[in-house]
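A.B. asks: sharing a model that was predicted from the sequence below.
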Amino acid sequence: MSAQEVRGPGVARAPMPGMGVPPGARPPIRRGPAVPHTPWWQQEGMISRMLAVAGVGVTLIGVVMLLVLAAQAGLFGPVPRVVAGAVFSAALVGAGMRVFGRAGGRVGGIALAATGIAGAYLDVVAVSAIYQWLYPPLGLAAALAVAAGGVALAMQWRSQTLAVLVVAGAAALSPVVTTELVLLAFLIVLQLACVPVQMERDWPLLHVVRTLPAVLATLLAIGSASFDTATHERVSLLLAAAVTVAAVGFVGSIMVVRRRQGDLTATLTFGLATLPLLAAPALFERHIGAIIAAAFAIVLLFVAALPVGSKLHELARIPGHLRIVAAVAGSFALLEACIGVTETQTLPVALFLVTLGFLGVAGQQRSRMAGAIATTFAAVGALVYLANVSPETLATQRFAEERLGISTALAAILALAVVAVAVWCVRNFPSRTDGATTESVLWIPASVIALYAVTAATVSIGIAAGLPDGFVIGHSAATILWMAAATVALLFGLRNLARSPGVAKLALGSGLLVTAAALAKLFLFDLATLGGLVRVAAFLVVGVLLLIAGTRYARAFAEAGGANRDSADNAAH
């Protein structure tokens with residue numbers, strides 16, 4: 001009986017091993033029918049959405065013309081213009097609600113309602129800013145009611161598009177109605193009105209649209225006032241606007257991320273909201289601006305450090321990405337404060353002090369964020385210090401006596417402290433690379449920076465002391481300290497030669513390199529620059545230290561060789 005007869009008619013033949021498909025070959029892949037590509041203009045709802053958005057923009061421009069241009073041309077009276085705008089807006093909202101409930105009316109209903117609500121908001125702006133029929137608090141309250149009604153309707157319809165069109169339309173055309181400071185208040189109202197929506201709906205585009213207009217308008221106003229002679233009242237109002245934008249952005253973002261920890265858009269808008277207050281110190285004198293920046297830095301860095309305490313962490317529930325933004329913004333504010341309270345000569349002192357604080361936190365908490373901020377402050381401080389204490393300044397007596405003093409000496413000492421704490425901090429962090437490699441990479445730049453700082457410190461102290469030969473004495477002391485550090489490194493390496501060969505190798509290499517640098521300075525610079533007993537003292541001290549290091553070096557290796565021979569003899573017997 002054949003296999004076909006056993007299976008019966010109509011039964012598909014199963015592939016047999018070794019038949020049909022060669023060994024190791026994959027069976028053919030059956031692909032489905034190709035999906036035809038639909039052009040974007042033929043996709044469902046695309047054209048209707050584009051037409052709706054265009055209709056919203058054009059209609060709102062018409063409302064603005066009714067409220068502003070008609071007033072400039074003297075057409076109609078104030079009351080007819082305002083009433084016509086309100087009636088027209090209400091009619092659009094009513095029509096939108098009616099159309100939305102019909103089949104296929106979602107796009108049209110959203111467009112009509114968004115146009116009407118944004119038009120009503122512009123009508124309130126005109127009543128308050130142009131015609132001044134409402135006191136600013138009452139006008140802002142009415143605007144908040146209109147905006148809140150719009151976003152409430154958007155929540156009911158579950159339409160981010162409606163909320164975005166309302167906010168974007170009102171924010172984009174409000175500057176056409178007025179450019180006074182009251183405009184900032186109306187834009188902040190839009191920012192505030194959408195906070196409850198963000199707590200309930202994950203609408204990232206609305207986050208940006210509600211924050212960006214208030215931020216940009218406040219930044220432009222601050223920039224304009226900083227170049228002009230602004231009155232005290234105007235400056236105070238701009239500061240209040242910047243504080244309000246930052247506060248609304250902070251509170252809104254905190255409330256959102258407590259519900260959705262991964263909401264990166266909320267963190268982005270929080271960062272945007274901090275920009276006006278970071279720019280606000282430019283409106284004031286240096287010391288007042290520094291106080292404002294310092295206060296803002298304290299708040300932001302406190303937010304960034306909240307998770308350090310376990311109880312505060314449970315209460316705040318601030319995610320890591322928001323803490324990073326708060327730390328970065330707080331660091332900028334702290335940098336502004338440092339610049340505001342110092343001069344060019346003393347700025348490195350402040351920057352290095354801040355660096356030490358962040359390095360302490362980084363080493364204690366193993367915080368890479370604090371380490372990155374400390375590195376940034378250290379780099380800025382080093383650049384400023386090099387601008388003040390350049391190699392040319394250190395090498396030329398006339399420049400050194402003009403530019404160096406107690407402030408540069410203090411900054412150099414702090415730079416040495418920064419190097420020491422940075423080495424400790426880095427060694428506290430777990431490393432994925434070989435320990436010896438990490439130590440080598442760590443010690444080489446640390447040694448170079450330390451040598452420069454030691455030289456700057458000794459020369460600055462010599463000049464600050466007011467001695468006639470302060471420059472010469474400072475360089476002599478620097479050379480001696482270089483050689484003393486090299487001798488200490490060599491002795492430390494020799495002591496650990498048997499117990500820790502890796503550490504000994506690193507210490508010996510560093511000591512020999514510093515010894516070479518000290519000898520090069522001694523013969524290439526000191527011999528030509530120093531004179532008299534100072535030069536004699538430098539050569540004598542360096543020579544004695546070299547003799548000590550050489551003697552100890554020879555004895556250490558002789559002892560090591562003797563120990564190796566004894567071990568070999570014992571093994572032979």
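C.D. replies: Received the coordinates, thanks. Residues are numbered from 1 along each chain as shown.

A.B. asks: which positions within stretch 392-399 qualify as buried?
C.D. replies: Thr393, Leu394, Gln397 (16 or more other CB atoms under 10 Å). The way it works is simple: take the backbone N, C-alpha and C, and place the C-beta from them, glycine included.

A.B. asks: was I right about the second one contacting Val459?
C.D. replies: Yes: under the criterion of CB atoms under 8 Å, Leu394 makes contact with Val459 at 6.0 Å.

A.B. asks: Ala225: which of the buried residues of stretch 392-399 is nearest?
C.D. replies: Nearest to Ala225 among the buried residues of stretch 392-399, counting by CB to CB, is Thr393 at 38.9 Å.

A.B. asks: who's in contact with that closest one?
C.D. replies: Phe399, Ala400, Arg403, Leu404 (CB atoms under 8 Å, 6 or more residues apart in numbering).

A.B. asks: overlap in contacts of Leu394 and Val459?
C.D. replies: Common neighbours of Leu394 and Val459 (CB under 8 Å, 6+ apart) are Ala400.

A.B. asks: check which helix or strand covers the spatially closest residue to Leu414 that is not a sequence neighbour.
C.D. replies: In space, and not counting its chain neighbours, Leu414 is closest to Phe352: 3.9 Å by CB to CB, 6 or more residues apart in numbering. Secondary structure assigned from DSSP states H and E places Phe352 in helix 347-365.

A.B. asks: break this structure into its domains for me.
C.D. replies: The record's domain split for the chain, according to automatic domain parsing, is 49-177, 179-341, 344-466, 477-560.

A.B. asks: gap between the two ends of the longest one?
C.D. replies: When the termini of domain 179-341 are compared using CA to CA, to the nearest Å, they are 35 Å apart.

A.B. asks: what sits closest to Gly363 if chain neighbours are left out?
C.D. replies: Cys425 (3.7 Å).

A.B. asks: tell me the contacts of that neighbour?
C.D. replies: Cys425 sits in contact with Leu359, Gly360, Ala362, Gly363, Gly371, Ala374, where contact means CB under 8 Å, 6+ apart.

A.B. asks: now those residues as TSV including distance to Ala217 and pLDDT?
C.D. replies: Compiled in TSV, the contacts of Cys425 are given as follows (distance: CB to CB, whole Å; pLDDT from 0 to 100):
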residue	distance to Ala217	pLDDT
Leu359	39	91
Gly360	40	90
Ala362	38	88
Gly363	43	85
Gly371	37	90
Ala374	35	93
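
A.B. asks: just those now: which is nearest Phe100?
C.D. replies: Gly371 (54.3 Å).

A.B. asks: returning to what we had before: so where does the residue nearest to Gly363 fall, helix or strand?
C.D. replies: Counting by DSSP H and E, Cys425 is part of helix 406-428.

A.B. asks: following the chain onward from that helix, which element is next?
C.D. replies: With DSSP H and E, the next secondary element past helix 406-428 is helix 435-464.

A.B. asks: now that following helix against helix 406-428, angle please.
C.D. replies: Between helix 435-464 and helix 406-428, the angle comes out at 170 degrees (axes from the mean of the first three to the mean of the last three CA atoms, to 10 degrees).

A.B. asks: pLDDT on helix 435-464, on average?
C.D. replies: Here helix 435-464 scores 80 as its mean pLDDT.

A.B. asks: tell me how far that helix lies from the chain's centre.
C.D. replies: Chain-centre distance of helix 435-464: 29 Å, with CA atoms, centre = their mean, to the nearest Å.

A.B. asks: got the contact list for the residue nearest the centre of the chain?
C.D. replies: By CA atoms, centre = their mean, the chain has its centre lying nearest to Val328, at 3.7 Å. Residues near Val328 by CB under 8 Å, 6+ apart: Gly271, Ile373.

A.B. asks: buried stuff in the host helix or strand of it?
C.D. replies: Under the criterion of DSSP H and E, Val328 resides in helix 320-341. By 16+ other CB under 10 Å, the buried positions in helix 320-341 come out as 321-341.

A.B. asks: circling back: Throw the buried residues of stretch 392-399 into JSON lines and include distance to Ala221, secondary structure and pLDDT, thanks.
C.D. replies: Shown next, in JSON lines, are the buried residues of stretch 392-399 (distance: CB to CB, whole Å; DSSP: H, G, I helix; E, B strand; the rest coil; pLDDT from 0 to 100):
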{"residue": "Thr393", "distance to Ala221": "43", "secondary structure": "helix", "pLDDT": "90"}
{"residue": "Leu394", "distance to Ala221": "46", "secondary structure": "helix", "pLDDT": "89"}
{"residue": "Gln397", "distance to Ala221": "51", "secondary structure": "helix", "pLDDT": "86"}
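
A.B. asks: my guess is Val125 contacts Ser174. True?
C.D. replies: Yes: with contact defined as CB under 8 Å, Val125 counts as touching Ser174 (5.4 Å).

A.B. asks: of these two, who's got more company?
C.D. replies: Legend: neighbour count by other CB atoms under 10 Å for Val125 and Ser174, higher for Val125 (30 against 26).
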